[in-house]
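Q: Below is the sequence, then the predicted model.
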Amino acid sequence: GAVVSQHPSWVICKSGTSVKIECRSLDFQATTMFWYRQFPKQSLMLMATSNEGSKATYEQGVEKDKFLINHASLTLSTLTVTSAHPEDSSFYICSARDYIQGGSGANVLTFGAGSRLTVL
Amino acid sequence: AQTVTQSQPEMSVQEAETVTLSCTYDTSENNYYLFWYKQPPSRQMILVIRQEAYKQQNATENRFSVNFQKAAKSFSLKISDSQLGDTAMYFCAFRAGGTSYGKLTFGQGTILTVHP
């Protein structure tokens, strides 16, 4: 089945630095990927939609200058948390839809295993 | 805007028994999809089951089944013959038809613990 890989799975950084998280679709092409944020023991919130070859679409309240998204190829989207601060510490999850599946699988998203960011 | 509510923060069940997780939602849409996702300690989100709103028949996937009550806007998940591997956080999710596939609205989650 479709596999989405995230790297790194865990990252610790100092306040003020930038951190990049990668999301790759391993066995399918994804023109669209989605980035979510999850605080401990809480629900997932959609942050933005990453579009291959064009600008990302951000959800209301998400700072586009803080969370830079680049979708340079059909299999890779990156989320860069710029000038990270402790309040940015969270679990970031990406997902993608495998268009090739079609049929009954067409409405299904595949999620990555997530990346835990800790900002000191 | 849609809202999804899971009123049970935590549930526990004995192995081999049956447990039902509750979910209600609010929407003005007529065409939509509902999902149950499982997030085990590994944090990997796994689709458990999905339901298309236009289908009256309740979805079933092996030990997992749903009770979809469209008029009541209720979408509960029943896990039969619970197994230790079912221990996880379960999220109910909603997506309006015609919207982006990633535009899911999640409930707050229910932590399910299966005891041996």
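A: Perfect, I can see it now.

Q: Which strand or helix spans the closest residue to chain A within chain B?
A: With CB to the nearest CB as the measure, B:Gly102 is the residue of chain B nearest to chain A, at 3.1 Å. Where C-beta positions appear, they are placed from N, C-alpha and C, glycine not excepted. In the assignment (DSSP states H and E), B:Gly102 maps to no helix and no strand.

Q: Next, give phi and psi for the nearest residue to it once chain neighbours are set aside.
A: Of all residues not flanking B:Gly102 in the chain, A:Phe34 sits nearest, at 3.1 Å (CB to CB, 6 or more residues apart in numbering or on different chains). The phi and psi torsions at A:Phe34 (degrees, to the nearest 10) take the values phi -130, psi 140.

Q: Quick one: residues contacting A:Phe34.
A: If you count contacts by CB atoms under 8 Å, 6 or more residues apart in numbering or on different chains, A:Phe34 has them with A:Leu46, A:Ala48, A:Thr49, A:Ser50, A:Cys94, A:Ser95, A:Ala96, A:Leu109, B:Ser100, B:Tyr101, B:Gly102, B:Lys103.

Q: So A:Asn33 sits against A:Met47, correct?
A: Actually, residue A:33 is Met. It isn't Asn. No: contact status for A:Met33 versus A:Met47: not in contact, 11.3 Å apart, counting by CB atoms under 8 Å.

Q: More neighbours: those two, which one.
A: When A:Met33 is set against A:Met47 and neighbours are counted by other CB atoms under 10 Å in any protein chain shown, the residue ahead is A:Met33, at 30 against 24.

Q: returning to what we had before: could you dump the contacts of A:Phe34 into TSV and include pLDDT?
A: Written out in TSV, the entries for the contacts of A:Phe34 read as follows (pLDDT from 0 to 100):
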residue	pLDDT
A:Leu46	94
A:Ala48	95
A:Thr49	93
A:Ser50	91
A:Cys94	96
A:Ser95	94
A:Ala96	90
A:Leu109	85
B:Ser100	76
B:Tyr101	77
B:Gly102	82
B:Lys103	86
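
Q: Before I go, just wanted to say thanks for your time.
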